[in-house]
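[1] fold the following.
(2 chains)
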2 protein chains.
Amino acid sequence: MKLTILGCHSATPLVNAHTTSQVLELRDHLFLIDCGEGTQIQLRNQKIKFSRIKHIFISHLHGDHFYGLVGLISTFRLLGRTADLHVYGPKGIKEIITLQLKLANSWTNYDLFFHELDDDQSQLIFEDDFLTVSTIPLDHRVYTNGFLFKEKIGQRRLNKEKIKDYKIETYDFQNLKLGKDVMTEDGQTIYNEELTLAPHPIKTYAFCSDTAYNEKIIPLIKSVDLLYHEATFLDAHENLAKKTKHSTAKQAAKIAKLAEVKKLVLGHFSSRYNEKSNFMLEAKTIFEMVELASDGKTIKL
Amino acid sequence: MKLTILGCHSATPLVNAHTTSQVLELRDHLFLIDCGEGTQIQLRNQKIKFSRIKHIFISHLHGDHFYGLVGLISTFRLLGRTADLHVYGPKGIKEIITLQLKLANSWTNYDLFFHELDDDQSQLIFEDDFLTVSTIPLDHRVYTNGFLFKEKIGQRRLNKEKIKDYKIETYDFQNLKLGKDVMTEDGQTIYNEELTLAPHPIKTYAFCSDTAYNEKIIPLIKSVDLLYHEATFLDAHENLAKKTKHSTAKQAAKIAKLAEVKKLVLGHFSSRYNEKSNFMLEAKTIFEMVELASDGKTIKL
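    The predicted structure is shown next:
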């Protein structure tokens, strides 16, 4: 699992401060999370192949999280895309995009599916053989979801040496991976644990932007490997955070601590602060394993 | 009159090739013409004060000409703008912008006026004491206008030495500027030409993007000081230009020649061409006074 931050600043794009967008890579998936204005330029800066993106998750309909979406959808068409594209986001996102394509007398030459969200409870919105994606309902000025990306527990792994010792036939391999015991030609049962190793540990990533301090999310993000949590403000502006339904660095750290996450990444910084290191300093007073997002940063899990 | 090219490339923004947007400065006006994705970043790159923009002209509703508009309108709000903003563009533009603001549960804290265009004939759409702006109906795949910016003939200028010689009183100055004759105290009529100089010559700028080769625009842009005409393709792709209702560099040059403009600027280059100098070479076979647009270029008239 590899996370690439394309932009992590709030409100409005500046010359070297892009608004929210991230790419999460997991096996053959490339998930785009939020899509502020200029995301397609940031994808090019990071040399990410546009055609590998098949799923886009939009947290909410504030401009700094989705104004780049319609341009990206248009560019996919110009690049001759044929693969399906799935967009997950709040109710209304389909109307916004389709209105603009209609007025441009244009449509996509690939199938574009909108999965509109309006539930206040966590929902499973994507699932395949390897992972699930669920919503994390957040507390912001408009309807907003974070997203939890969770690998599925994989198959058990064959212990090649033991398999050789017991002369297990290849047609039993799949049963072993599924956790079943096998029987040798002379009728002896060999227990699965003898022949296999535990599956690789699963990885989990939780994206939470934008939100007021909200302990309700803790059960949903419990013990994740990586939590991205917004920290728009420093402690001095806690009142402003409350008023605008954003979080401070300390509040994000408190959520990380209560949820016992392995690592916290802070982002969505207000442009009022020139010195970003204070976000780190304030968060570290509460939670040690913290780092700051920056445009272009990658984090491997 | 000063033109700043913010972006002059077609279809989709690349890392160093922004889509269409220009700023025209004239006296205290700063007119924004088209607004592709990332225009607000380009405005910052050029250090143009956002608050000076009060009028935005959108040629048509293809993304590379207006996907940056909603972000700019939002940023104006975040910057605490209070001055009115006027947006001129095709019918539908109001619906696109207001839908996005509505779904963000947001509105502007300044007055935002939409002037929707749907006429196929040239219309006067803006006028003040110093200039007029008229549409130039173009021939593209969707309803499209170019824009003609035309200074008004100014007042006659006082010839200070002559005014001293004739001892003209200050209360007559305004009449002189308006071209009237004046009478001295002893009843002598002094003709206006004796006391004043001709007004400063007027300047005219025509913006024409996107359009197929279209001789119908020639009377509208006759003898302008500067013509920006799209040249999406080179001669080798004339068929593609015809099919997509764009122009080649030669076609743009032919329009410039027939309209007897003083200078031609080419832009809206397709990203298929790495070498832009060929646009110049091909245009020069027909019209000598040509230059190529580039992101960040300024042209003073």
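[2] how many neighbours does the residue in the stretch 151-300 of chain A positioned nearest to chain B have?
    Going by CB to the nearest CB, chain B is nearest to residue A:271 of the stretch 151-300 of chain A, at 9.2 Å. The C-beta positions use only the backbone N, C-alpha and C, and glycine is treated the same way. The tally of other residues near residue A:271 (other CB atoms under 10 Å in any protein chain shown) stands at 13.
[3] so what's it up against?
    Counting by CB atoms under 8 Å, 6 or more residues apart in numbering or on different chains, residue A:271 makes contact with A:9-12, A:14, A:17.
[4] intersect those residues with the contacts of chain B.
    Near chain B, judged by CB under 8 Å from any CB of the partner chain, the entries from those are A:11-12, A:14.
[5] gap between stretch A:266-277 and the chain center?
    Relative to its parent chain, stretch A:266-277 has a centroid offset of 21 Å by CA atoms, centre = their mean, to the nearest Å.
[6] run through the residues of chain A sitting next to chain B.
    A:11-15, A:37-38, A:40-41, A:44-45, A:61-63, A:67-68, A:70-71, A:74-75, A:78, A:90, A:92, A:95-96, A:99-100, A:103-106, A:141-142.
[7] among these, which ones are buried?
    Burial by neighbour count, 16 or more other CB atoms under 10 Å in any protein chain shown: within the residues of chain A next to chain B this picks out A:11-13, A:37-38, A:40-41, A:44, A:61-63, A:67-68, A:70-71, A:74-75, A:90, A:92, A:96, A:99-100, A:103-104, A:106, A:141-142.
[8] and the strands in the stretch 1-150 of chain A?
    Secondary structure of the stretch 1-150 of chain A (DSSP state E, counting those that start in this stretch): strands located at A:2-7, A:21-26, A:29-35, A:53-57, A:85-90, A:112-117, A:124-127, A:131-137, A:145-151.
[9] dump those into JSON lines; add mean pLDDT and distance to residue A:249 as well.
    Formatted as JSON lines, these follow (pLDDT from 0 to 100; distance: least, CB to CB, whole Å):
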{"stretch": "strand A:2-7", "mean pLDDT": "98", "distance to residue A:249": "17"}
{"stretch": "strand A:21-26", "mean pLDDT": "96", "distance to residue A:249": "19"}
{"stretch": "strand A:29-35", "mean pLDDT": "96", "distance to residue A:249": "20"}
{"stretch": "strand A:53-57", "mean pLDDT": "97", "distance to residue A:249": "24"}
{"stretch": "strand A:85-90", "mean pLDDT": "98", "distance to residue A:249": "26"}
{"stretch": "strand A:112-117", "mean pLDDT": "98", "distance to residue A:249": "28"}
{"stretch": "strand A:124-127", "mean pLDDT": "97", "distance to residue A:249": "29"}
{"stretch": "strand A:131-137", "mean pLDDT": "97", "distance to residue A:249": "19"}
{"stretch": "strand A:145-151", "mean pLDDT": "97", "distance to residue A:249": "17"}
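[10] adding distance to residue B:264, write those strands out as a markdown table.
    Compiled in a markdown table, the strands of the stretch 1-150 of chain A are given as follows (distance: least, CB to CB, whole Å):
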| stretch | distance to residue B:264 |
| --- | --- |
| strand A:2-7 | 38 |
| strand A:21-26 | 39 |
| strand A:29-35 | 38 |
| strand A:53-57 | 40 |
| strand A:85-90 | 40 |
| strand A:112-117 | 40 |
| strand A:124-127 | 52 |
| strand A:131-137 | 53 |
| strand A:145-151 | 51 |
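[11] and the ones you listed: which comes nearest residue A:275?
    Residue A:275 sits nearest to strand A:2-7 of all the strands of the stretch 1-150 of chain A, at 18.9 Å, using CB to CB.
[12] ok, and what's touching the closest one?
    For strand A:2-7, contacts defined as CB under 8 Å, 6+ apart pick out A:13, A:17-26, A:36, A:38-39, A:42-43, A:46, A:48, A:205, A:226, A:228, A:265, A:267, A:293-301.
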